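Chemist: The amino acid sequence is not available; the structure is as follows:
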């Protein structure tokens, strides 16, 4: 079993000025309520067990949760008037808490939505995930926005964290020479899987995390030998 160190940075506050034409510039300010933060934490707490189950016991996620006192004060444009909290925007915390080699994965919870007023920051999705690089201090990097309670609870609690994490994990093992299915974590529909109303995409994730996704003439994904090679920064025990 491989131990995988992950840290969740919680930004309860945001105060950003969104760029654009001068007459369209606006400031977005919001503070998450304790209930909103707890909803995210409840979901995140299910993530390690979900990852272990889908990997058939190959992965042991060790998580650290760290609230951030300062407001998230910048966002990075990602085209078409959309923004996200890239490593540029969390640089203070990355350089202080995620020195290279300390964590395999970084998660960021950020206040994208004011659920009371309906105001929000346009972004590319509920979550975004990417592979490890120098930009993120050698850790996979994923962001997840706040959401209504019911959103966190369906269809599988913890699935959003697993999905975004898998983007980075698939990137890591692909670099080690293991062949991933087209779309990696997004590839379920492309390989004949169907999202279930009760189990989400977990059928696909189980095959992805055991190297059993049928991709024509070969099975792709993360086989046992990939997990046994260790995490990004440590060897498997």
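Modeler: Thanks, I have the structure now. Quantities reported herein were computed from a predicted structural model and do not represent experimental measurements.

Chemist: And stretch 221-237, what's buried?
Modeler: Residues of stretch 221-237 classed as buried: 221-223, 226-227, 230-232, 236 (neighbour count, 16 or more other Cβ atoms under 10 Å). All C-beta spots, glycine's among them, are computed from the backbone N, C-alpha and C.

Chemist: how about the lengthiest helix in the chain: buried residues?
Modeler: Longest helix of the chain, by residue count under DSSP state H: helix 34-54. For helix 34-54, the neighbour count (16+ other Cβ under 10 Å) marks 36-37, 39-40, 43-44, 46-48, 50-52, 54 as buried.

Chemist: Check stretch 94-110 too.
Modeler: Across stretch 94-110, burial judged by 16+ other Cβ under 10 Å covers 94, 97-98, 103-110.

Chemist: now do stretch 118-127
Modeler: Applying a neighbour-count criterion of 16+ other Cβ under 10 Å, one finds 121, 123, 126-127 buried in stretch 118-127.

Chemist: which of the residues you listed lies closest to residue 151?
Modeler: Residue 151 lies nearest to residue 126 out of the buried residues of stretch 118-127, by Cβ to Cβ, at 7.7 Å.

Chemist: my guess is the closest one meets residue 144, correct?
Modeler: Yes: using Cβ atoms under 8 Å, residue 126 is in contact with residue 144, at 6.6 Å.

Chemist: can I assume residue 64 sits in a helix?
Modeler: No: Residue 64 sits outside any helix when classified using DSSP: H, G, I helix; E, B strand; the rest coil, being strand.

Chemist: In the sheet, which residues pair with it? Tell me.
Modeler: Beta bridges link residue 64 to residue 7, judged by DSSP bridges.
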